[in-house]
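Q: Next one to model:
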Amino acid sequence: MILRSRVRQGGTWWVLLAVLAFFLPAPREAMAGPEGEVRWAVHFSIAPTYFEPAETPGIITPFMVLYGLHDALVKPMPGQPLAPCLAESWSLSPDGTVYEFVLRKGVRFHNGDPVTADDVKFSFERYRGSGQKLLKDRVKEVQVVDAGRLRIVLKAPWPDFMTFYGTPVTGAGWIVPRKYVEKVGEEGFKRAPVGAGPYRFVSFTPGVELVLEAYEQYWRKVPTIKRIVLRVIPDEATRLAALKRGEVDVVYSVRGALGDEMRRTPGLTVKPGLGQFSYWYSLIDQWDPKSPWADRRVRLAANLAIDRQAINEAETLGYSRLTGSIIPQDFEFAWKPPPYAYDPAQARKLLAEAGYPNGFDAGSISSDMVYASFAESVGNYWLAVGIRARITPQERAAYTKEYQEKKLRYVLGTGSAASGNAASRIEAFVAAGGAYVYGSYPDIDGLFQEQAREFDGKKREAILRRIQQLMHDKVMHVPLMEPAFINGYGARVADPALGLITGYNYSAPYEDIRLKSK
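A: I've put the predicted structure just below:
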């Protein structure tokens, strides 16, 4: 077996450290238990589905809750894109088909049940979120070797297995207690979730707040903060006002003029982040031959009609990165296409050539509430060249559900901050069978299957870049930008844990959050 995780230290050093630990006084932080409360103003309504790792929908939103309530075998942590967590180590067989995980000893769920290999197998088999088809098509079986060890056996070597299993591309590697879930049932688990994370569930008031309390037996470290509260405040102005009054300590996503006001307010600190987030519009009617969107010239006109830099300045204070792709520029295997120019005259010309000299009715631009202002800006630019669309915003959880269930039409505002690489983003949003795919192209589908079997890094990169070139040539999407996520925090907070995990723009790990000393 080829070891992929940390190497253990020699026994002599462990003895020396034990002796020193016995005689030296413990640091003050280690002696004190969790204290105080930190309150967040969250920009969307929290849904019970976010308490459930099995239902993670391939976007980063639920991980705001999962990093508190639950834990994974492997997950991104500060300085480590694949950090050993509930699994203290793992290895891969020489033929690339068997992953063996050794569980960390002594770890327990919040209800006292031990974390076992049986829980890991149960959690994988009940996973039904984004990426489930790809994972389950490629995994032959999960074998429990003993209580502290298990194997995941693939049908064939798959270079992206740990990307899909060990990062927020999916939630398949996050572990729940089998006995408890079977006792209370699926809906009972959502009402009173039990995990193995640094914080345990206290209460949830829909549309108001989620309250979590420190779990002092957490294996990594005792959390510093006793209680954390995620308060639902969808309105940006209300979020900022709550921060200024000290009613909350951290706010997420305050944009435009309000973001600038937050930046200029004494005692508040603005923390913009550029993570693995891209935002674009999916033209799902392009596969309908009767739709104007089926014409490449119309799709190109829609791209040329938008002044992306003006939206960047107005919405995200100029912190965002403009892009011509749905795949973040920093992703492995990403290809950076030429950006779309702002050229409304050429957009009108293309529409006329396509048979729409007076424009056309484009139906709706669907969006979640958080990014409705983006849709309004895009809709206004389109209207200026003759593309007429109405804006239909929804709450995020409802919108994501309808998107996945293929119930929407016309133009869909689409964003993802899930980690991964170019292949994982293409799997979810471009290739046939993906969670958010309404239609696909055979040449892209064939290349995607080819790259999934290719272990030669250079050859695989060439295939994935060819896919991205085809996506661009076909003008499949209207990429907008890689938005800066503009957060802020108040004077009580020493470290809100924003940006500690590369590519992750929410606070995490929660056990690393600190308040200032009184």
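Q: can we go C-alpha only for contacts and neighbour counts from here?
A: OK.
Q: Could you check stretch 350-370 and say which residues are buried?
A: By 16 or more other C-alpha atoms under 10 Å, the buried positions in stretch 350-370 come out as 350-351, 354, 356, 359-360, 362, 364-370.
Q: pLDDT score assigned to residue 32?
A: We have a pLDDT of 70 for residue 32.
Q: Domain-wise, how is this structure divided?
A: Here the chain is described, according to automatic domain parsing, as comprising the domains 23-46+207-274+485-518, 70-182, 278-482.
Q: Would you mind giving those as JSON lines with distance to residue 55 added?
A: Listed next are the domains of the chain as JSON lines, based on distance: least, C-alpha to C-alpha, whole Å:
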{"stretch": "domain 23-46+207-274+485-518", "distance to residue 55": "14"}
{"stretch": "domain 70-182", "distance to residue 55": "4"}
{"stretch": "domain 278-482", "distance to residue 55": "10"}
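Q: now could you export just the CA positions of the longest helix belonging to the chain as PDB?
A: Assignment by DSSP state H gives helix 457-473 as the longest helix of the chain. Coordinates of each C-alpha in helix 457-473 appear next as PDB, following Å, rounded to 0.1, in the frame of the first residue of the first chain:
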ATOM      1  CA  GLY A 457      -1.600  14.200 -15.900                       C
ATOM      2  CA  LYS A 458      -0.500  16.000 -19.100                       C
ATOM      3  CA  LYS A 459      -2.800  14.000 -21.300                       C
ATOM      4  CA  ARG A 460      -5.700  14.500 -18.900                       C
ATOM      5  CA  GLU A 461      -5.100  18.200 -18.700                       C
ATOM      6  CA  ALA A 462      -5.100  18.400 -22.600                       C
ATOM      7  CA  ILE A 463      -8.500  16.700 -22.700                       C
ATOM      8  CA  LEU A 464     -10.000  18.900 -20.000                       C
ATOM      9  CA  ARG A 465      -8.700  22.000 -21.700                       C
ATOM     10  CA  ARG A 466     -10.200  20.800 -25.000                       C
ATOM     11  CA  ILE A 467     -13.600  20.400 -23.300                       C
ATOM     12  CA  GLN A 468     -13.300  24.000 -22.000                       C
ATOM     13  CA  GLN A 469     -12.400  25.300 -25.500                       C
ATOM     14  CA  LEU A 470     -15.500  23.500 -26.900                       C
ATOM     15  CA  MET A 471     -17.600  25.000 -24.100                       C
ATOM     16  CA  HIS A 472     -16.300  28.500 -25.100                       C
ATOM     17  CA  ASP A 473     -16.600  27.800 -28.900                       C
END
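Q: begin at 27 from here
A: All set: I'll call the first residue 27, so the last point we hit is now helix 483-499.
Q: Name the residues that touch the following helix or strand past it?
A: Downstream of helix 483-499, the first helix or strand assigned by DSSP states H and E is strand 503-508. Contact with strand 503-508 is made by 300, 302-309, 325, 328-329, 334, 338, 346-352, 354, 497, as judged by C-alpha atoms under 8 Å, 6 or more residues apart in numbering.
Q: One more: stretch 203-217?
A: 74-75, 77-78, 135, 139, 141, 144-145, 148-149, 220-221.
Q: Between which two of those residues is the distance greatest?
A: Greatest spatial distance among the contacts of stretch 203-217 (C-alpha to C-alpha): 74 and 144, at 24.7 Å.
Q: Neighbour count: those two, which is higher?
A: For residue 74 and residue 144, the more surrounded residue by other C-alpha atoms under 10 Å is residue 144, and the numbers stand at 21 against 18.
Q: Surely residue 163 forms part of a helix?
A: Yes: judged by DSSP: H, G, I helix; E, B strand; the rest coil, residue 163 forms part of a helix.
Q: Tell me how many other residues crowd the residue nearest to residue 335 when sequence neighbours are not counted.
A: Once flanking residues are discounted, residue 335 sits nearest to residue 348: 7.2 Å by C-alpha to C-alpha, 6 or more residues apart in numbering. Residue 348 has 20 neighbouring residues, counting by other C-alpha under 10 Å.
Q: which residues touch residue 348?
A: Applying C-alpha under 8 Å, 6+ apart, the residues near residue 348 are 334-335, 338, 365, 506-508.
Q: Weed out the non-buried ones from those.
A: Using 16+ other C-alpha under 10 Å, the buried ones in those are 334-335, 338, 506-508.
Q: Okay, helices next: where are they in the stretch 177-326 of the chain?
A: 187-192, 204-217, 262-270, 282-290, 322-330 (DSSP state H, counting those that start in this stretch).
Q: Tell me which of those sits most buried.
A: The highest average neighbour count among those, using mean count of other C-alpha atoms under 10 Å, belongs to helix 322-330 at a mean of 24.
Q: what does the helix or strand just after that helix rub up against?
A: Toward the C-terminus, helix 322-330 is succeeded by helix 334-342 as the next helix or strand (DSSP H and E). If you take C-alpha under 8 Å, 6+ apart as the criterion, helix 334-342 is touched by 281-283, 285, 344-346, 348, 368, 400, 403, 506-507, 509-512.
Q: Same question for stretch 420-434.
A: 70-73, 83, 392-396, 461-462, 464.
Q: mind putting these in TSV, pLDDT included?
A: Below are these laid out as TSV (pLDDT from 0 to 100):
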residue	pLDDT
70	93
71	94
72	96
73	93
83	88
392	97
393	96
394	94
395	93
396	92
461	92
462	95
464	97
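Q: what's residue 313 in contact with, if anything?
A: For residue 313, the contact set (C-alpha under 8 Å, 6+ apart) comprises 320, 465.
Q: Redo the helices of the stretch 177-326 of the chain as CSV? Include mean pLDDT and distance to residue 413.
A: Formatted as CSV, the helices of the stretch 177-326 of the chain follow (pLDDT from 0 to 100; distance: least, C-alpha to C-alpha, whole Å):
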stretch, mean pLDDT, distance to residue 413
helix 187-192, 95, 38
helix 204-217, 97, 43
helix 262-270, 98, 29
helix 282-290, 95, 25
helix 322-330, 98, 8
